[in-house]
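Novice: here's my sequence, what's the structure:
(chains A and B)
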Protein chains: 2
Amino acid sequence: MLRSGYLWGVGKNVAILGATGAVGHELLHILAERNFPISELVLLASPRSAGSTLKFRGEEVAVQAVSKDAFAGVEFAFFSAGADRSLEWAPAANEAGAIVIDNSSAFRTHPEVPLVVPEINGEQLSARPKRVSVPNCTAILLTMVLHPIRALGKFDRVVVSTYQSASGGGASMMQALVDQTKAALAGEPPKASATFPPYAFNLFSHNTVIGADGFNGEESKVMTETRRILGLQDLSLMVTCVRVPVLRAHSESVVIDFAGEAPSVENIREALGSAPGVRLLDDRENNDFPTPLAASGGDDVLVGRIRRDPSRPNSIALFLAGDQLRKGAALNAVQIAERLL
Amino acid sequence: MLRSGYLWGVGKNVAILGATGAVGHELLHILAERNFPISELVLLASPRSAGSTLKFRGEEVAVQAVSKDAFAGVEFAFFSAGADRSLEWAPAANEAGAIVIDNSSAFRTHPEVPLVVPEINGEQLSARPKRVSVPNCTAILLTMVLHPIRALGKFDRVVVSTYQSASGGGASMMQALVDQTKAALAGEPPKASATFPPYAFNLFSHNTVIGADGFNGEESKVMTETRRILGLQDLSLMVTCVRVPVLRAHSESVVIDFAGEAPSVENIREALGSAPGVRLLDDRENNDFPTPLAASGGDDVLVGRIRRDPSRPNSIALFLAGDQLRKGAALNAVQIAERLL
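Specialist: Next up is the predicted model:
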């Protein structure tokens, strides 16, 4: 079977499974932006979404239904079609010789699949694994900020409350937020969707299944993956995940307790200010701090509101915002591929 | 000077300063709903807002410019026109013999003015003070939930992250959120107002002045007032206040560390489920938890997501939502007046 992937001179053969989704869309953007060397680009989706075309480097590239043959000759396969699709198609992609860079949760706790944020544990890629997991978006943003700070003192505990945008639920949830907000502004009564409460001017506990311990699926992922990325298996972590009516970019309110006295605000600012992929935005005078709007479309995780707890000498608080679709997913995936080049 | 307050048979003479604001509007609703015994109702506002009329019990009542004479004969004066107006007019109202029930921050730290949430420290009203402060809305909602739980174990520390609605910034901020959201949906670029960042589909650190300790004004209020209401001056408290694009009702993500082992989820549910003014909404199976929409227009503070921290045996988390304009302000004020009747 002849593939209809588009061909550009010298580079790698790249496939994207889930090309028509929100993360797939962002992957195309970022591969172009960063001039990732692509020889052939194969865009794949479910049979339902196949048949359309997507623009890349000025060319219309056909979206094909995923199949075993579609991976022939592919060197890097980005997966962003959900965990079930990853489990189904990773073997075929690996068999064809491709390295699978997976945005889903399918392999994130698999001991042989590294869970990588390149700025933190990129050295795990030197073994050239056949599969690499991109962590949960909220865990990526959190660890990007925790990592530079841990050089300043041993963590005793971290408490996180999230403000997660619709983009985490994909293009369909973003559309639902827009549609429901239009309806609300037109005076229509609030309406729940099949899988989440009314969203217009409202917020709700993250709409994932609640476990026996009372934590929802997102919270469990963030806690498990944060520990794994940082290599701190015993870190005491309490996470509360909440969806807010923001279209794009997640925010997190974070309190860090240290085993000893907390580092000074100045030292934390220095550590964060010089960390790659992190941008300090902590202007008390002008009340200018991270917002999802300021983070949207950017590569950096924004961090500010850094302050010590006057009632606990070992504790600090901060607030961060980062683009869930970029550093929280697509950008992190492309950075992994760049390291593997 | 003859006042134009409307007269209804037997009851108290009641004045509302700030009648045209968001809390003033809610005060009128709640006084009517609860059949507060009113003989004469005097609606007061700044000269700028005077001249209009507001409906109460089917009658149009004129809004007058506030003046010293306006308080003659008034027995209960509800103030909700900001701290400066409270400082300016409380002496005149007291001189006229009125008890001032103040929704502003003007007297909240004054040792002779009780700071009252009737369900918690209503006994402070038995001395019949001339002035009573209604606490900050976020502190009221928080203490309503902390109070029943503290019977189960000594608190070691409380960490709070808020999700505060536009209603906390008054009618003008609610309108700004609606207007900016309409503009965003029409494709217009985001625009900051004079006093806060772009609000449509965005969130931001609470737009109050940041102190030398790095906490904003709202956070400082919540910490100071929570300690005072609960009578726990040494409580270790870390609060982060964030404005979210929700029109009405505040939410809070709360982590409580106890001095000893944390009480069981079942015991906490029982304590909260039987507390007046609190409603348990903690349905893990149907993912049904407190939302600002569910709390809006209701009297109760909703609480759920109650769970223990598997990494810390002394710690629990929960999530609450309550109507900032009702229990967070107007309802609490009317409940204070009812106790004083």
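
Novice: from here on, contacts and neighbour counts on C-alpha atoms
Specialist: Will do.

Novice: mind listing what A:Asn94 touches?
Specialist: For A:Asn94, the contact set (Cα atoms under 8 Å, 6 or more residues apart in numbering or on different chains) comprises A:Val100, A:Lys130, A:Arg131.

Novice: gap between it and A:Phe36?
Specialist: From A:Asn94 across to A:Phe36, the span is 21 Å (Cα to Cα, to the nearest Å).

Novice: A:Leu331 reaches A:Leu28, doesn't it?
Specialist: No: between A:Leu331 and A:Leu28 there is no contact under Cα atoms under 8 Å: 10.2 Å.

Novice: would you map the helices across the stretch 201-341 of chain A?
Specialist: A:217-230, A:265-273, A:292-295, A:331-340 (DSSP state H, counting those that start in this stretch).

Novice: can you lay out those helices as CSV showing mean neighbour count, distance to B:Asp288 and mean pLDDT?
Specialist: Listed next are the helices of the stretch 201-341 of chain A as CSV, based on neighbours: other Cα atoms under 10 Å in any protein chain shown; distance: least, Cα to Cα, whole Å; pLDDT from 0 to 100:
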stretch, mean neighbour count, distance to B:Asp288, mean pLDDT
helix A:217-230, 21, 15, 98
helix A:265-273, 17, 38, 98
helix A:292-295, 23, 26, 98
helix A:331-340, 20, 33, 98
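
Novice: chain B: which of these is closest?
Specialist: helix A:292-295 (5.9 Å; Cα to the nearest Cα).

Novice: burial measure for A:Ser67, as a count.
Specialist: 15 (other Cα atoms under 10 Å in any protein chain shown).

Novice: can you classify it by secondary structure?
Specialist: When classified by DSSP: H, G, I helix; E, B strand; the rest coil, A:Ser67 comes out as coil.

Novice: same question for A:His147.
Specialist: Quick answer, by three-state DSSP: A:His147 is helix.

Novice: that one and A:Leu232 touch, don't they?
Specialist: No: contact criterion Cα under 8 Å: A:His147 and A:Leu232 do not qualify, at 10.9 Å.

Novice: neighbour count for those two, which is higher?
Specialist: A:His147 (18 against 12).

Novice: before we move on, the earlier item: would a markdown table of the helices of the stretch 201-341 of chain A with distance to B:Glu188 be doable?
Specialist: Output for the helices of the stretch 201-341 of chain A, formatted as a markdown table (distance: least, Cα to Cα, whole Å):
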| stretch | distance to B:Glu188 |
| --- | --- |
| helix A:217-230 | 33 |
| helix A:265-273 | 33 |
| helix A:292-295 | 14 |
| helix A:331-340 | 27 |
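
Novice: quick check: which of those is nearest to B:Gly277?
Specialist: helix A:217-230 (29.2 Å; Cα to Cα).

Novice: which residue is the nearest non-sequential neighbour of A:Phe155?
Specialist: Spatial nearest neighbour of A:Phe155, excluding adjacent residues (Cα to Cα, 6 or more residues apart in numbering or on different chains): A:Phe258 at 4.4 Å.

Novice: contacts only, for that neighbour.
Specialist: Counting by Cα under 8 Å, 6+ apart, A:Phe258 has contacts A:Gly153, A:Lys154, A:Phe155, A:Asp156, A:Arg157, A:Asn314, A:Ser315.

Novice: quick one, helices of the stretch 1-150 of chain A?
Specialist: Going by DSSP H, counting those that start in this stretch, the stretch 1-150 of chain A shows helices at A:22-33, A:83-95, A:118-121, A:137-150.

Novice: rebuild those helices as TSV, extending it with mean pLDDT.
Specialist: Compiled in TSV, the helices of the stretch 1-150 of chain A are given as follows (pLDDT from 0 to 100):
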stretch	mean pLDDT
helix A:22-33	95
helix A:83-95	98
helix A:118-121	98
helix A:137-150	98
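
Novice: tell me which residues are up against stretch A:204-224.
Specialist: A:136, A:138-139, A:195-197, A:237-244, B:284-285, B:287, B:289-291, B:305-308, B:310.

Novice: what is the end-to-end distance of that stretch?
Specialist: 22 Å.

Novice: what is the burial count for A:Asp285?
Specialist: You called it Asp, but residue A:285 is Glu. Residues near A:Glu285, counting by other Cα under 10 Å: 9.

Novice: any buried residues in the lengthiest helix in chain A, and which?
Specialist: In chain A, assigned by DSSP state H, the helix with the most residues is helix A:170-185. Buried residues in helix A:170-185, counting neighbours by 16 or more other Cα atoms under 10 Å in any protein chain shown, are found at A:Ala171, A:Met173, A:Met174, A:Ala176, A:Leu177, A:Val178, A:Gln180, A:Thr181, A:Lys182, A:Ala184.

Novice: please list the residues of the stretch 151-300 of chain A that sit near chain B.
Specialist: Within the stretch 151-300 of chain A, the positions near chain B by Cα under 8 Å from any Cα of the partner chain are A:161, A:178, A:182, A:185, A:201-205, A:207-210, A:213-215, A:235-238, A:240, A:244-247, A:253, A:284-285, A:287, A:289-293.
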